[in-house]
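Enquirer: output the structure for:
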Amino acid sequence: MSNSYGYLFKITTFGESHGVAVGVIIDGCPAGLEWDLAFIQNALDRRKPGQSAIVTQRKESDIVQVLSGVFENKTTGTPIALLISNEDAKSKDYAHIATQFRPSHADYTYFAKYGHRDYRGGGRSSARETAARVAAGAVAQLLLKKKYNIEIIAYTSQVGHLKLEKNYTTLDFSLIESSAIRCPDISMANQMEQFVKEIKKQGDTIGGVISAVIKNTPVGWGEPVFDKLHAELGKAMLSINAAKGFEYGSGFEGVNMKGSEHNDVFYVDENDVIKTKTNFSGGIQGGISNGEDIYFRVAFKPVATLIQPQESINESKEKITIEGKGRHDPCVLPRAVPIVEAMAALVLADFALRAETNQMSFD
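Expert: You can find the predicted model right below:
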């Protein structure tokens with residue numbers, strides 16, 4: 001099983017949905033980074049369950065414990081261990097699926113691959129695992145902000161058929177946390193929230209899109225040919241539970257343009273900095289950052305657990321009827337916003353350290 005991500009800034013997560021705890025080991029974080037526990041905790045608070053009427057009502061405080069790697073409020077350069085206890089697991093809610101395969105879940109594939117699975121909330125395949133990613137991503141964000149003034153902003157841009165058509169450059173990002181759905185347009189946010197509530201009443205679920213913007217990335221980050229910046233961002237995003245699609249820059253809409261329309265023409269600005277007049281490249285050219293805003297979108301499927309009957313089979317290959325019980329998200333988007341930000345930060349933190357090895361003076 002692959003539980004680690006990164007080369008120089010590397011994380012390893014552990015834990016199951018209904019185990020004692022989930023956590024992460026961060027290896028490679030440079031020494032001397034000023035620790036900000038409040039910032040890390042805020043990121044976890046934005047991801048945790050029970051924060052609004054449109055997410056699962058599982059109650060977890062998600063208070064992070066720092067076990068190692070920090071002394072006198074600074075990182076020491078040694079592995080950082082962060083632990084988040086599970087406090088409100090109700091395993092009995094999953095007893096009925098101990099030998100059953102839920103449609104579109106990892107139940108069958110985990111059973112087929114390992115021959116044994118933790119059915120309690122999906123075990124390791126549960127989105128509960130992402131709490132560890134968010135904790136690690138917050139540390140990466142501290143590094144990126146302190147050293148490079150990089151800002152990573154994600155928000156909900158689509159829920160089902162409700163789509164925010166505005167360009168990200170016209171949005172007021174300060175409004176993202178004003179709504180439970182985390183959409184920076186109040187009118188659209190209200191429509192999205194009402195739609196999710198209606199879907200929840202039906203015992204159903206809905207998917208959507210999270211958009212993200214990364215500002216102030218230095219020129220030259222990315223490792224062609226196989227570790228291109230956009231390729232690693234895509235891998236990171238698609239590793240998130242329920243993620244089904246990734247596009248950056250002009251994405252699929254770019255196929256409707258001619259090359260003469262799509263090319264980002266260079267110019268030198270008043271500060272003698274090379275810029276592009278447009279940014280259809282999404283801040284990445286040749287797999288390397290070019291200094292412009294990096295922007296991308298991640299599509300998330302509807303949550304697979306429905307509070308209504310569905311046909312399925314069990315381990316004995318018998319036909320059954322299955323119905324979800326317990327507490328589940330009708331839509332992953334509100335809680336996935338900080339996860340997208342965290343994974344983007346982990347990608348960039350790793351490339352930041354790798355970029356330090358790209359050039360060397362021999363004078």
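
Enquirer: now do the same contact list for residue 223.
Expert: Applying CB atoms under 8 Å, 6 or more residues apart in numbering, one finds that residue 223 lies in contact with 229, 287, 351, 354. Any C-beta I mention is one placed from the backbone N, CA and C, and that applies to glycine too.

Enquirer: give me the pLDDT for it.
Expert: At residue 223, the pLDDT value in this model is 97.

Enquirer: what does the one 3 residues further on give?
Expert: The predicted local distance difference test score for residue 226 is 97.

Enquirer: next: residue 119.
Expert: Per-residue pLDDT puts residue 119 at 88.

Enquirer: against residue 204, how distant is it?
Expert: Distance, residue 119 to residue 204, by CB to CB, to the nearest Å: 23 Å.

Enquirer: can you show me the helices along the stretch 101-250 of the chain?
Expert: Here the stretch 101-250 of the chain has its helices, by DSSP state H, counting those that start in this stretch, at 107-114, 130-148, 186-201, 229-238.

Enquirer: which one of residue 119 and residue 204 is surrounded by more residues?
Expert: Applying other CB atoms under 10 Å to residue 119 and residue 204 shows that residue 119 carries more neighbours, namely 21 against 14.

Enquirer: need the contact list for that one.
Expert: Contacts for residue 119 (CB under 8 Å, 6+ apart) come out as 94, 97-98, 107.

Enquirer: hmm, try it at 6 Å
Expert: 94, 97-98 (CB atoms under 6 Å, 6 or more residues apart in numbering).

Enquirer: tell me, what's the model's pLDDT at the residue sitting furthest away from the middle of the chain?
Expert: Distance from the centre of the chain peaks at residue 363, with 43.0 Å (CA atoms, centre = their mean). pLDDT for residue 363: 73.

Enquirer: quick check: it vs residue 357, distance?
Expert: Using CB to CB, which is the criterion applied here, residue 363 is 18 Å from residue 357.

Enquirer: from residue 271, how far off is the closest residue to residue 94 other than its chain neighbours?
Expert: In space, residue 94 comes closest to residue 120 once its chain neighbours are excluded; the distance is 5.0 Å by CB to CB, 6 or more residues apart in numbering. Going from residue 120 to residue 271 by CB to CB gives 56 Å.

Enquirer: compare these two and say which is more crowded by neighbours.
Expert: Neighbour totals were compared for residue 120 and residue 271, and residue 120 leads with 20 against 6 (other CB under 10 Å).

Enquirer: any idea how far residue 72 is from that one?
Expert: Separation of residue 120 from residue 72 (CB to CB): 40 Å.

Enquirer: can you pull out the low-pLDDT segments for the stretch 51-200 of the chain?
Expert: 89-91 (pLDDT under 70).
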